[in-house]
Each structure stands twice: as C-alpha cells, then as structure tokens.
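*Asks:* everything below, folded, please.
(2 chains)
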Amino acid sequence: MTVSATWARIGAIFIKELVQMRRDRLTFGMMFGIPVIQLILFGFAINTDPKDLPTAVHAEEHTPVTRTLLRALETSQYYDLVLESDDPRDSEHLLARGEVAFVVFIPAGFTERLVRGERPQLLIEADASDPAAASNAIARAEAIVNQALRHDLKGPLAGLAPRPGPVELIVHPRYNPEGITQYNIVPGLLGVVLTMTLVMITGMAMTKEAERGTLENLLALPARPVEVMIGKITPYIAVGAAQAIVVLVTARFLFGVPFHGALWILLIGIAIFVFANLAVGFTFSTIATTQMQAMQLTFFFFLPSLLLSGFMFPFRGMPTWAQTIGEVLPLTHFLRIVRGVMLKGAGLADLYGEFIAMGAFAAAAVAVAMARYRRTLD
Amino acid sequence: MSDLAIDVSGLVKRFGDKIAVDGVDIQMPRGEVWGFLGPNGSGKTTTIRMICGLLRATEGAGTCLGYDVLNEPEKIRAHTGYMTQHFSFWKDLTIRENLEFTARLYQMPQLRERVDETLETLGLADRQNQLAGALSGGWKQRLALAAVTMHNPRLLLLDEPTAGVDPQARRDFWDEIHRLSTRGMTVLVSTHYMDEAERCDRIVYLANGKVVARGRIGEIIARSGLVAYRGEGEDVRRLAARLQGRPGVDHVAYFSAALNVSGENRQALENAIADIDGKDVEWREIQPTLEDVFIVLMMRAGADRRTHA
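*Replies:* Take a look at the predicted model:
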C-alpha cells in the first residue's frame, strides 16, 4: 500500500471526526467551555495570599500609641478591623464562630509599660485552622508593629525604638515580586485545561466507536490502526492548539501575566505536552470498553496530575514518594516549562531536562497505545 | 487463482476456555450465493469474522479470495464487503457522509459521482442529508448494503442482514443480492429465515460451532431421512399437545390450518398418528420442510451452549 493511500485514509477518518465533532454540540461546547470556566474560576477566584482578613480588636486602653498600632495593621492590608469587643469571652466566640480571623488584644497599661521600656505584650489570636489563609498575615505582624512604632518612638523615647538586627537581611522575591497568585495559576491552567480535555476526549473517541457498535465496521474497512489513530487524533491537536491560544490570550490581556521568555520554546513544550496527553487518552480508549470507563480513567489520571504536579500545592512541600510520582507526570514538567518561560524568561538550556522527561513520557504512552490497539475484535 | 472464493479448513475459535467455532471447513466456489444457517450462538458470526480477518482463528487455516486469512486480512478487506449484524454505520453522519467516508477509505476514483450514483440507485438522493440514525430498519439495511458494495467487492459477507426487516424490504433486499451475484459477486449470507435459505444455491448449517449439514436444500432434506405427515380437519390444533413428545414424533407444528408432524422413524411416526384418536382428521404424507430438518438437526446437536455474545 502506498504512502498516498495512507494519507487518503487518514484524511477520510479526519473528515469523519471533524463532522462528528461539529455535530456533538455538547462535547464541542465543553472543549471551549472548560478552559473559559476554569480560567474564570481559578484566575479570578483563587488567591493564595489573602488580604483584608476580618479582625476584632479588644483594646483595654486607647492611647496615641495603640491607635498608631491599629492603623498600621489596617494599612498593611492584611488586617481589616471590623469590630471592637469589650469582653474577652466575646472575642473568643468571634474566633470560634469564624466571624473574624484574628483578635488583637491590647492589655491595660500597654502604653505605660512601653514607655518604661518593659516590653509589654501585644496578643494576636489567629484562626490558624487553615494554615495557608492566616500564615502571611501572621508572618508580617511583627514587621508591621515594629515599623509603626519607629515613627512614634522619637526624641526621649528614641532609645526604645526597635534596633536593627546584627545582619541586614535582603530578600528579593524574583519573577513575581508582588506575589500575584494569577501569575502562577493562569499559566499553570494551560496545562490543566489541556490535560483534562485532551485525555478525556481522545479517551472517549475510540470507546464511542465500540459502544455504538461502529468499531466492527471501522475494523472491517480498509484502514490500518496507525491510520485510524492519526486520523482520530489530528482534530484534537487542533482543539489543543485552540485551547492554548484561548488561555495564552486571556493570560496576556485579561490577567496581565508577563511573558518574559521566547514563545517558540513554549510552543515546543505545548506540542510535546499535547502529544503526550493524546497518547494517554488513546491508551485509555484501548483499555476502557465504555465511554463511562474512559471518563473514570481520565479522572484517575487527572487528579494526581492536578494534585502532585505543583499546580495546586507547592511541589517541594510534598514527601519524596509524592514528588517521585509527580516527576513522572507530564503536567509537572509542563508547568515548569510554562512558568519558566513566561515568568522567568527561561531558555532551552534551563529547561531541557523537562523537555526530555516530558518527551520520554510521550514516547512511552505512544508505545503502549500502539501495542494495545486492537487490529481485530479479539 | 483458485475458483474457490472461500477455502478454509479446521477453523477453531476459542474465547478463554469456551469454544465458539469448532473445526469448520468451508469450500465455497466463486459466484455462488450461500446461506449460513444455525441457531443463535452456533458460531455463524464468529466464522464470518474469521473469514474476513476481524477475528484471528485459534486454529485452522485457509484462504479467502486467494489471500491468507491469518496473515493477509488487509488484502481480504480491500476486496470484501462485510455487513455487520447490527447496523454499524455512523448514525451521527448523514447518509451521504457515510457513503463518502466509505468511498474515501476504499479510495474510489470519482468519489462524488459514485456516491451520487449510489444514492440514486438506492432512491435516497432526496434524503441524502438526513442523519443515518433517522432511517427505518429496512432503509438502514439498504444503506449498509449499498455502502459495503460500492467498491465492487468480489466477496460479500452478510451477517443476518434482514433481521427485523419487513417482508417487502426483505424481498427487495434479496433481489438486490441476486443482482449483485449475477454481476459476479460471491455472497455468503447468514440468516434465520427458511424462505431466505431457499433463495440460496447451497446452505451450510452450523450447530454448536460445528457444521452439521451442508449442500443443496433438496439434498439436505433427502439426507435427513425425515418423514412428515400433514393432518387436516376440525380442531386439529388441539391434537398438537397430545402428539407432542410421543415416541417417534420429533416435531409438531401448526400452520396453514393444518398440523405438521415429522420424525425420523416412519413406523413410529405412523403409529403415533394412528394412536391419536383423530376421527375427522385426514392425514397424508408430505415432503418434510427445511424447517423440520433444522429442528431435528438442532435437537441432535443439543441445546444452545453459547456464553459469548
């Protein structure tokens, strides 16, 4: 059989898939609805550096110093002083009920003891049941207080002002100095969206034929497995490309995510990543006998990808075994590529390890898919 | 080239430890129309699938259109039209799109014209843009037949093509099969209908994965050694229950307002009829029908042991 014949058959299957894709409104809508919905949800809704946390104040005295302190907390943007309570039991309840995240407790005689140099105590009670929610505000508290007092402790009180430590510590939070969550999440979403839709849709593409009884016909017609596979997958490469464009355009113009690196490096990354996911989806379709099973297998793959890749939780925060699993998943490497290129301006030399790891996964997935594809109905 | 379209011997197919087909030989000359009969689960579909390379035979060997059934399935498929038991064209494609897809896979030249022609012959030209899923059972079968014969295959394998189709559509369908046959196609049709079996040159009867009878219908009936009587009269239907199960009576059936009984032992059958007190019933010997023969063959072969659907 000649090469042109092969192309003709791939073309036949490609056209058929396109027509069926267009006719299946729900799936078609999903392919573009999912990225948009995820972008809106994750892009706008998730913030790993929460600010304006409701705070109650229980002040047993009101002096210029305490006012300065409270104002400083408020201007830090982390604390939103929503109410004042007079009763300590009251503030306890506020915290327990979750009405406030913090209670700032200023004891009587605070100012007097401060002036006398007795290091009075200032208590901040925090609802740390969700560590991530409270951690940044807690971490900043001391700096906020010291900064505020530096202004008030002047003249005769200058001796009480906090002295700088023995080391001048300089921290440069690079690549995302303002710590904007979207800069991290939105590029990562590109990988999540591609994983979810491509694995699922290709997984269902073959099982659909089996479920509807058309597989027997497809096998009886003169198309070879490779041709069927290429013809069926190609439309979804286009889908992946369209999704990538949607996410990248949104990242740039809606979320203002910087793009420091070279686009072509990212495009190579996307190409390998799309290929790896399609191969996984195709493998699933050779295992599953129904579309439902293909869906379940997709989630079996998607959830670890979401959780262990470093998309949702810091990769380095995971134990070694979890990191090992994460290293196998293509999403892990893709996230490093997309974040590296966009935020850090990383070049090919910085990322070649990720490309190799992702490429190896893709090659293995294709090998499994090809080995498992049934030429017969056995 | 051999003048056998299908030449397979000793075909065996096992699914796990279940035997679906157990040593089937078929030597089918080119240009004939053969019927493939047998109860549900007798291995007809499995055999057809092995012949066209959709299933790999566990044992046995042979050729189809001169190509090896085990090693050259792609060549076989290029010259074979296989119509599956259940409608397996794409219901979410239009009639035209289904035909075009098939034509493209077979790389037919002048694709558009061929599809137009086929639609015209089918009488579906004005409905070509309807989804195939919207067609009635009979039309689906005609579409499927048109699609699998568009590339002018040398061999046509039809798996219960007329199941659930009305008599008129069945008749049209068979006329079409005979037309295709005169154009030189070899046709193997599996069916449950006796009237369809009678439209075949020869039949092969399968039971429990084995060929239990083959040949021309007359020969099969003659070889069966079956004797049949037909009884007519008032209330003859009530006698059926009394005749059933008597020694010598293999089969009792009531149709055309008469009772048909058959058995393998003439003496025993005649005794059984005589024992029944049927005063107003007039008995005469008739030629056994194909159905009588098949029921006996089925009883001899034992019950349906199928577990593989």
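
*Asks:* contacts, neighbours, all on C-alpha from now
*Replies:* Will do.

*Asks:* tell me which other helices or strands the helix or strand hosting A:Thr197 touches.
*Replies:* According to DSSP states H and E, A:Thr197 maps onto helix A:181-211. The contact analysis (3 or more CA pairs under 8 Å, 6 or more residues apart in numbering or on different chains; DSSP states H and E) places helix A:181-211 against helix A:25-40, helix A:225-253, helix A:263-287, helix A:291-308, helix A:330-339.

*Asks:* please export the C-alpha coordinates of the following helix or strand past it as CSV.
*Replies:* Reading on from helix A:181-211 to the C-terminus, the next helix or strand found by DSSP H and E is helix A:215-220. Only the C-alpha atoms of helix A:215-220 are listed here, as CSV (Å, rounded to 0.1, in the frame of the first residue of the first chain):
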residue,chain,number,x,y,z
LEU,A,215,-15.9,-0.3,15.7
GLU,A,216,-16.6,-3.6,13.9
ASN,A,217,-17.4,-1.6,10.7
LEU,A,218,-14.3,0.6,11.1
LEU,A,219,-12.1,-2.5,11.5
ALA,A,220,-13.7,-4.2,8.5
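
*Asks:* ok, B:Gln128 to chain A distance?
*Replies:* 15 Å (CA to the nearest CA, to the nearest Å).

*Asks:* what about that residue, neighbour count?
*Replies:* 18 (other CA atoms under 10 Å in any protein chain shown).

*Asks:* which residue comes closest to the residue in the stretch 151-300 of chain A positioned nearest to chain B once chain neighbours are left out?
*Replies:* Nearest residue of the stretch 151-300 of chain A to chain B, counting by CA to the nearest CA: A:Thr214, 4.4 Å away. Of all residues not flanking A:Thr214 in the chain, B:Ser88 sits nearest, at 4.4 Å (CA to CA, 6 or more residues apart in numbering or on different chains).

*Asks:* so the one you found touches A:Leu219, yeah?
*Replies:* No. B:Ser88 lies out of contact with A:Leu219 (CA atoms under 8 Å); the separation is 10.9 Å.

*Asks:* contacts for stretch A:271-288?
*Replies:* A:194-195, A:198-207, A:229, A:233, A:236-237, A:240, A:294, A:297-298, A:330-331, A:334, A:355, A:358-359, A:361-363, A:365-366, A:368-370, A:372-374 (CA atoms under 8 Å, 6 or more residues apart in numbering or on different chains).

*Asks:* can you check stretch A:129-148 too?
*Replies:* A:48-51, A:68-69, A:72-73, A:76, A:78-79, A:101, A:126-128, A:162.

*Asks:* same question for stretch A:183-190.
*Replies:* A:38-39, A:42-43, A:176, A:243-244, A:247-248, A:251, A:255, A:257-258, A:311, A:335, A:338-339, A:342-343.

*Asks:* B:Ala213 in helix, strand or coil?
*Replies:* Three-state assignment for B:Ala213 (DSSP: H, G, I helix; E, B strand; the rest coil): strand.

*Asks:* what's across from the residue nearest to it when sequence neighbours are not counted in the sheet?
*Replies:* Spatial nearest neighbour of B:Ala213, chain neighbours left out: B:Tyr205 (5.0 Å); criterion: CA to CA, 6+ apart. Per DSSP bridges, the residues bridged to B:Tyr205 are B:Leu37, B:Ala213.

*Asks:* list the contacts of B:Tyr205.
*Replies:* Applying CA under 8 Å, 6+ apart, we find B:Tyr205 in contact with B:Phe36, B:Leu37, B:Gly38, B:Val211, B:Val212, B:Ala213, B:Arg214.

*Asks:* residues in contact with the most centrally placed residue in chain B?
*Replies:* Central residue of chain B (CA atoms, centre = their mean): B:Ser190, 2.0 Å from the mean position. Counting by CA under 8 Å, 6+ apart, B:Ser190 makes contact with B:Gly35, B:Phe36, B:Leu37, B:Lys44, B:Thr45, B:Leu158, B:Asp159, B:Glu160, B:Pro161.

*Asks:* in helices, which of the residues you listed appear?
*Replies:* Among the contacts of B:Ser190, the ones falling in helices (DSSP state H) are B:Lys44, B:Thr45.

*Asks:* can you tell me which of the contacts of B:Ser190 is closest to B:Leu105?
*Replies:* B:Leu158 (19.8 Å; CA to CA).

*Asks:* how near is that closest one to chain A?
*Replies:* 12 Å.

*Asks:* pretty sure that residue sits against B:Ile177.
*Replies:* No. B:Leu158 is beyond contact range of B:Ile177, at 9.9 Å (criterion: CA under 8 Å).

*Asks:* what touches both of the two?
*Replies:* Common neighbours of B:Leu158 and B:Ile177 (CA under 8 Å, 6+ apart) are B:Val187.

*Asks:* those two: which has the busier surroundings?
*Replies:* Higher neighbour count among B:Leu158 and B:Ile177: B:Leu158, with 24 against 21, using other CA under 10 Å.

*Asks:* give me the beta-bridge partners of the more buried one?
*Replies:* Under the criterion used (DSSP bridges), B:Leu158 bridges to B:Met83, B:Val189.
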